[in-house]
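[1] Using only what follows, build the 3D model:
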Amino acid sequence: MLYVGLSLLLFALSFIAGMLGLGVAFIATPVLGLFGFELKHVIMPWSLLLNGLTSISGAIAYWRAGMVDKRAAIPLLVITTLSAPLGVLILQFVPTTIVWWIYVAVLVFLAYRMAFPPKMPESDVITVSDRTRVKAGVLGFLIAIFAGFLGVGPGFLLMPTLVFLGYTARIAAATNMVAVTLPSFSAFVTHLSTAQFDWLMVGLTSVASVIGAQLGARFMAKRVKSPTLSRVFATTLVLLAVQRIWILLAA
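    Residues are numbered from 1 along each chain as shown. Below is the predicted model of the structure:
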């Protein structure tokens, strides 16, 4: 029953993540924590694997829709892939409780940024300078290290960063989804030697997550406008932060 329940739950979470232009790890990590799974050796590598798979699924849909800023996405893909494993190495020296509190702080900050974003153009047709793309690359390097430390893909930080740099939420979501396809796998490989998996559960949830992410990306590409996407993202982050604070204080 747990196998089916978790597969359906991760399908739904991946649909939301795909709609937001993100891998599922930023949502899956605290949710899997509710089921009592251990953080560093079970949840983190599991979430990273799901994150990579859902990112690829969503990226295909966005690429086909012509929504990706390719001149930013490809360099970001290389930068984040190479830097994410550094965060995993740092993680080994930090207590689990501290990692969770840092995670909560990040969620609250991002919720605020998305609830009160910089003014974005009404149209998704925007002009992005090369200087802006360089800034995105520098920030992407730091974000990938931090995301690797948290055991998630860099997308949950990179997407709002792109919005802050001037992208609309829809174009940021699409560009972000392509940029974070490989970093989750590079961080996952770093975790693999100590990972503790139920491979049947991992397999079932992986299939469910890929399907959910693909459907969510297609839905966003056709129907959801940028302001709506930002509000959905902010609300989701607040709910996740409150849930995790409750668990930490009750421990």
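
[2] can you tell me how far Trp63 sits from Lys70?
    Shown here: Trp63 relative to Lys70, a distance of 9 Å by CB to CB, to the nearest Å. In this view, the C-beta of every residue, glycine as well, is placed from N, C-alpha and C.

[3] so what sits against both of those two?
    Val178 (CB atoms under 8 Å, 6 or more residues apart in numbering).

[4] neighbour count winner among those two?
    Trp63 (16 against 11; other CB atoms under 10 Å).

[5] Disregarding flanking residues, what is the spatial nearest neighbour of the more buried one?
    Nearest residue to Trp63, sequence neighbours excluded (CB to CB, 6 or more residues apart in numbering): Val178, at 6.4 Å.

[6] wait, isn't that neighbour in contact with Leu77?
    Yes - at 6.6 Å, Val178 counts as touching Leu77 under the criterion of CB atoms under 8 Å.

[7] Looking at those two, which is more packed in?
    Counted by other CB under 10 Å, Val178 and Leu77 do not tie: Val178 has more neighbours, with 25 against 18.

[8] The more buried one: what secondary structure?
    Three-state call for Val178 (DSSP: H, G, I helix; E, B strand; the rest coil): helix.

[9] so where's the protein shaky on pLDDT?
    Scanning the chain with the threshold set as pLDDT under 70 gives 20-22, 114, 117-127, 221-230, 251.

[10] which residues of it fall in helices?
    With DSSP state H as the criterion, the chain has helices at 2-20, 25-33, 44-64, 70-91, 96-115, 130-150, 155-164, 169-179, 183-191, 199-223, 226-250.

[11] Looking at the ones you listed, which one is packed in the most?
    Among the helices of the chain, ranked by average contacts under mean count of other CB atoms under 10 Å, first place goes to helix 169-179 (a mean of 30).

[12] and the angle for it with helix 96-115?
    Counting by axes from the mean of the first three to the mean of the last three CA atoms, to 10 degrees, helix 169-179 lies at 140 degrees to helix 96-115.

[13] helices and strands around helix 169-179, which ones?
    helix 44-64, helix 70-91, helix 155-164, helix 199-223, helix 226-250 (3 or more CB pairs under 8 Å, 6 or more residues apart in numbering; DSSP states H and E).

[14] can we see that at 7 Å?
    Other helices and strands packing on helix 169-179, by 3 or more CB pairs under 7 Å, 6 or more residues apart in numbering; DSSP states H and E, are helix 44-64, helix 70-91, helix 155-164, helix 226-250.

[15] The last one: how far from the chain's middle?
    In this case it means helix 226-250. 14 Å (CA atoms, centre = their mean, to the nearest Å).

[16] same question, the first one
    Going by CA atoms, centre = their mean, the spacing between the C-alpha centre of helix 44-64 and its chain's C-alpha centre is 9 Å.
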